[in-house]
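1. Here is a sequence together with a model predicted from it:
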Amino acid sequence: MTTKSNIILGANQYGKAEVRLVKITRDTERHSIEDLSVTSQLRGDFQAAHLEGDNAHVVATDTQKNTIYSLARDGVGSPEAFLQRLAEHFTTSFDWVTGGRWAAESYAWDRIQANGTGHNHSFVRNGQEVRTAVVVKDGNATHVLGGLKDMTVLKSTESGFVGYPKDKYTTLAETTDRVMSTDVAARWRYNPGAVATVDFNKAYDDVKALLLEGFTEDYSHALQQTLFDMGKKVMDAHEEIDEIKFSMPNKHHFVVDLSPFGQDNPGEVLFAADRPYGLIEATVVRENGSDAGNAWEGMAGFC
Ligand SMILES: O=c1[nH]c(=O)c2[nH]c(=O)[nH]c2[nH]1
């Protein structure tokens with residue numbers, strides 16, 4: 001005789017994904033623009049909805065979307081602060097919502113330069129990188145993650161790759177001078193005790209600058225070393241950050257053989273391959289930093 005095992009509901013969350021929100025602040029002639037894609041996901045007691053079709057606890061995803069727009073009426077400020085307001089709203093408005101995950105991407109706009117100054121109300125999208133933020137609330141614990149992605153960088157020298165093991169499958173030639181390029185994706189976790197006093201926009205600008213400096217500063221023996229240097233630089237300067245995770249493709253640039261055309265090629269004409277690419281991922285952590293709890297749960301694309 002076989003006994004049937006009991007089937008129960010496991011982890012679950014739900015909400016509205018990628019709510020496109022543009023907030024123009026126009027209380028003076030000099031307008032400003034905040035452009036985000038916001039995702040809200042609630043966690044808590046949603047057992048009856050899944051097991052019995054009882055929606056009494058199901059705050060509609062449409063309501064979640066409307067809440068995002070309504071809270072934006074009072075300003076966004078920073079993605080991290082805005083997500084914390086959403087988290088606070090949902091967990092205090094509905095008893096059974098014990099936590100959730102709120103995420104944003106934000107897209108920067110620069111003022112169009114006209115007659116030597118930034119225009120009051122005309123903007124051009126700045127496509128250098130996409131800013132990311134996540135707030136995870138679980139009971140009394142709140143985790144705030146800053147981040148960025150798609151920040152494409154390249155150094156045309158001061159990078160090499162030597163000393164790796166050679167076996168019968170190794171064809172890669174050692175080099176002490178190559179192009180190194182990557183799309184930086186990084187997410188950093190703020191110490192929960194510091195969150196109340198962090199100026200998230202200022203911290204973001206500074207972290208981005210430090211990442212760029214870290215990429216360029218020293219000779220790179222591998223993307224792995226450069227990744228660590230970048231993370232260490234950020235964490236040395238920002239005590240309020242306890243951890244930074246990276247995912248960085250090694251965007252290979254191959255020197256094209258021009259000898260069939262009777263030409264030399266001292267690393268000037270390159271084939272930029274789009275795949276396959278190396279994929280270098282790591283976390284740089286502050287020893288004895290705060291407990292990450294479930295801050296990284298469900299975070300795709302990072303290890
Ligand atoms: O910076 C690099 N790291 C690697 O792990 C690697 N592997 C490889 O083939 N080229 C490179 N470059």
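-> Great, that's in hand.
2. How far does the top helix by length along the chain sit from its chain's centre?
-> Ranked by residue count, the top helix of the chain under DSSP state H comes out as helix 200-217. How far helix 200-217 lies from its chain's middle: 13 Å, per C-alpha atoms, centre = their mean, to the nearest Å.
3. Likewise for stretch 63-79?
-> On C-alpha atoms, centre = their mean, the centre of stretch 63-79 falls 20 Å from the chain's centre.
4. Pull out the buried residues from that stretch.
-> In terms of neighbour count (16 or more other C-beta atoms under 10 Å), stretch 63-79 has its buried residues at 64-65, 67-68, 71-72, 76, 78-79. Backbone N, C-alpha and C define where each C-beta goes, glycine included.
5. go on, stretch 7-21?
-> Per 16+ other C-beta under 10 Å, stretch 7-21 contains these buried residues: 14-16, 19, 21.
6. Please convert these to CSV, extending it with distance to Ala282 and pLDDT.
-> What follows is the buried residues of stretch 7-21, written out as CSV (distance: C-beta to C-beta, whole Å; pLDDT from 0 to 100):
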residue, distance to Ala282, pLDDT
Tyr14, 32, 98
Gly15, 30, 98
Lys16, 33, 98
Val19, 32, 98
Leu21, 33, 98
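7. re the thing from before, tell me which strands and helices the longest helix of the chain is in contact with?
-> Under the contact definition 3 or more C-beta pairs under 8 Å, 6 or more residues apart in numbering; DSSP states H and E, helix 200-217 sits against helix 79-93, strand 117-138, strand 141-155, strand 180-190, helix 223-237.
8. tell me the most buried of the ones you listed?
-> Mean neighbours per residue, mean count of other C-beta atoms under 10 Å, is largest over those for strand 180-190, with a mean of 23.
9. and it, anywhere near the ligand?
-> No. Residues of strand 180-190 contacting the ligand under C-beta under 6 Å from any ligand atom: none, with a closest distance of 7.0 Å.
10. report the angle between the axes of that strand and helix 223-237?
-> Angle of strand 180-190 versus helix 223-237, following axes from the mean of the first three to the mean of the last three C-alpha atoms, to 10 degrees, is 40 degrees.
11. Okay, the closest residue in space to Asp218 that isn't next to it in sequence and Val284: tell me how far apart.
-> Spatially, and ignoring its direct neighbours in sequence, Asp218 is nearest to Asp229 (6.2 Å; C-beta to C-beta, 6 or more residues apart in numbering). Distance, Asp229 to Val284, using C-beta to C-beta, to the nearest Å: 9 Å.
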